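S.K.: Build me a model:
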Amino acid sequence: MANKNAGVNAVVNGVVEPEFEAVLDAFAGNFDRHDEVGAACAVYVDGRLVVDLWGGRADPTTDTAWREDTLALVYSCTKGMSATCANLLIERGLLDPDATVAKYWPEFAANGKDAITVRQVLSHQAGLAVIEGDLTLEECLSWFPVVEAIAKQAPIWEPGTAHGYHMRAFGWLVGELVRRITGRTIGTFWRDEVAAPLDLSFWIGLPEELEPRVAQLVPPKADLRAFFASLGDDVLLGRATTGPSGHFAYDDMWNRRALHACELPSSNGIGDARSLARLYASLIGAVDGVRTLQPKTVEAATRVQVRGPDKVILTDTAFGLGYMLPPSLNPRCRPDAFGHAGAGGSLAFADPKAGFAFAYVMNDLRFDLRGDPRSESLVEATYRSLEAAG
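M.R.: Predicted coordinates:
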């Protein structure tokens with residue numbers, strides 16, 4: 001049992017197997033060296049939980065401690081869950097990555113989108129990174145107005161000729177495909193088909209009774225809304241990040257119950273680190289007898305679909321069928337890793353070659369072009385621990 005005083009800032013609790021003491025040291029060090037507020041980290045190796053840590057404050061305004069059952073909103077780490085749902089449908093023969101989206105969603109064919117394929121949607125090539133139209137926040141949170149707007153609009157660039165991170169749109173695109181095929185919302189499909197068999201504490205659309213367990217996000221110190229507005233409409237980054245209709249800047253609105261209750265499968269997944277790590281462990285092997293995706297499915301899902309300059313975030317990115325691939329994940333991740341990072345610092349991935357799955361969640365949002373030293377130190381310590389253990 002780990003119970004470590006991280007200097008004056010926090011007490012770290014949890015369980016770490018002896019070979020992974022370096023991860024405990026890195027986690028505790030984040031509170032002293034990087035002013036961590038509250039966080040959790042988990043690692044599975046060969047289907048077994050070897051690191052399960054939490055510490056700091058879940059709500060710094062009330063000095064509430066981060067507990068074993070604290071939940072965190074993980075922003076775009078949610079896309080890894082949505083990608084898993086899509087790839088499960090592919091594995092079952094219900095979704096064809098090379099079929100047009102319009103095969104499953106006929107209204108989508110409007111305005112020059114009739115040839116866009118599922119593969120292009122999953123790999124951010126659809127040219128729909130910005131959702132056009134004037135939508136209220138209430139409409140954005142109620143699903144159908146957004147997917148109807150997507151169905152009506154034209155692509156921003158010719159689909160298949162380039163890729164650009166569909167920061168918010170990815171969730172509605174994938175979620176509507178899941179709904180059209182299964183008759184269930186993606187949040188329901190996720191709970192029924194993936195989360196329940198693995199006993200995961202992770203939701204896309206959080207039940208109200210779980211709200212008291214959610215950590216309070218600490219907005220970034222910089223005024224990101226003003227920064228994105230300063231970029232102008234010609235730069236896709238600002239509109240993709242805050243859209244639709246400028247409602248989704250990274251500010252205190254993400255602590256609202258309405259944001260937690262809706263299904264925003266690009267951005268509002270809420271859960272704990274051990275559940276994220278457990279999910280990714282189940283993608284590369286069995287966890288308590290459960291394997292979520294078969295090896296051939298994972299191999300196809302993690303094959304590079306696009307790599308290079310990203311039209312939205314203006315740096316090189318790489319994607320498989322919904323999963324981020326290096327160099328997009330984390331500078332310390334190795335070439336075989338796949339998963340998804342989230343805005344502000346959260347990270348979850350598996351490395352099938354190394355045989356482990358990793359997750360880190362936190363509530364203090366950081367945006368640093370040089371990278372996030374908190375997650376980087378934890379990933380580096382995990383790889384180092386595995387190598388030392390032989």
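S.K.: So what touches stretch 336-343?
M.R.: 74-80, 83, 250, 267, 280, 301-302, 320, 323-326, 328-330, 347-354, 358, 365, 367 (CB atoms under 8 Å, 6 or more residues apart in numbering). Every residue, glycine included, has its C-beta placed from N, CA and C.
S.K.: go again using 7 Å as the cut-off
M.R.: 74-77, 79-80, 250, 280, 302, 320, 323-326, 329-330, 347-353 (CB atoms under 7 Å, 6 or more residues apart in numbering).
S.K.: Out of these, list just those in strands.
M.R.: Within those, residues falling in strands by DSSP state E are 347-351.
S.K.: Which of those ranks first by neighbour count?
M.R.: Leu347 (31 neighbours; other CB atoms under 10 Å).
S.K.: shouldn't it be in contact with Ser375?
M.R.: Yes - in this structure, Leu347 is within contact of Ser375 by CB atoms under 7 Å, at 4.7 Å.
S.K.: Please enumerate the shared neighbours of those two.
M.R.: 330, 360.
S.K.: Kindly tell me how buried the closest residue to Trp54 other than its chain neighbours is, as a neighbour count.
M.R.: What sits nearest to Trp54 in space, not counting adjacent residues and going by CB to CB, 6 or more residues apart in numbering, is Ala40, at 4.1 Å. Other residues within reach of Ala40, judged by other CB under 10 Å, total 32.
S.K.: Parallel or antiparallel, list what pairs with the helix or strand hosting Ala40.
M.R.: Counting by DSSP states H and E, the element that carries Ala40 is strand 38-45. Looking at strand 38-45 with DSSP bridges, its partner strands are strand 48-59 (antiparallel), strand 356-362 (antiparallel).
S.K.: dump the residue contacts of Tyr250.
M.R.: Tyr250 touches 219-220, 224, 343-344, 365, counting by CB under 7 Å, 6+ apart.
S.K.: please redo it, this time with the cut-off set to 8 Å
M.R.: Counted by CB under 8 Å, 6+ apart, Tyr250 has contacts 219-220, 224, 241, 343-344, 365, 367.
S.K.: Also Leu264?
M.R.: By CB under 8 Å, 6+ apart, the neighbours of Leu264 are 78, 141, 168, 171, 204.
S.K.: Tell me where the stretch 51-200 of the chain has strands.
M.R.: Here the stretch 51-200 of the chain has its strands, by DSSP state E, counting those that start in this stretch, at 64-65, 72-73.
S.K.: low-scoring stretches of the stretch 201-350 of the chain, by residue?
M.R.: Applying pLDDT under 70 to the stretch 201-350 of the chain picks out residues 222-234.
S.K.: now the helices for it?
M.R.: Secondary structure of the stretch 201-350 of the chain (DSSP state H, counting those that start in this stretch): helices located at 224-231, 236-242, 257-261, 273-284, 295-301.
S.K.: Including mean neighbour count, could these go into TSV?
M.R.: Below are these laid out as TSV (neighbours: other CB atoms under 10 Å):
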stretch	mean neighbour count
helix 224-231	15
helix 236-242	23
helix 257-261	16
helix 273-284	28
helix 295-301	16
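S.K.: closest one to Lys103 among those helices?
M.R.: helix 295-301 (19.1 Å; CB to CB).
S.K.: circling back: CSV for the strands paired with strand 38-45, including mean pLDDT?
M.R.: Shown next, in CSV, are the strands paired with strand 38-45 (pLDDT from 0 to 100):
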stretch, mean pLDDT
strand 48-59, 97
strand 356-362, 98
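S.K.: Out of those strands, which gets nearest to Gly246?
M.R.: strand 356-362 (25.8 Å).
S.K.: Now the element after that closest one, going C-ward?
M.R.: The helix or strand immediately downstream of strand 356-362 is helix 373-389, counting by DSSP H and E.
S.K.: how about the contacts of Leu264, which pair is most distant?
M.R.: Thr78 and Leu141 (14.9 Å).
S.K.: These two: who's more crowded?
M.R.: Thr78 (31 against 19).
S.K.: Who are the contact partners of the residue lying closest to the more buried one once chain neighbours are set aside?
M.R.: Nearest non-adjacent residue to Thr78, counting by CB to CB, 6+ apart: Gly269, 3.3 Å away. The contact partners of Gly269, by CB under 8 Å, 6+ apart, come to 73-74, 77-78, 81, 202-204.
S.K.: and what of Trp203?
M.R.: 187, 190-191, 195, 210, 269-271.
S.K.: Can you tell me which of the residues you listed comes closest to Ile150?
M.R.: Distances from Ile150 to those, taken by CB to CB, are shortest for Gly187, at 18.2 Å.
S.K.: Around that closest one, count how many other residues there are.
M.R.: Quick note: Gly187 (other CB under 10 Å) scores 24 neighbours.
S.K.: If I look at it, what pLDDT would I see?
M.R.: Listed pLDDT for Gly187 reads 98.
S.K.: ditto for Ala389
M.R.: For Ala389, pLDDT reads 81.
S.K.: So what's the residue count around the nearest residue to Arg33 once chain neighbours are set aside?
M.R.: Among residues not flanking Arg33 along the chain, Pro373 sits closest, at 7.6 Å (CB to CB, 6+ apart). Per other CB under 10 Å, the neighbour tally for Pro373 reads 17.
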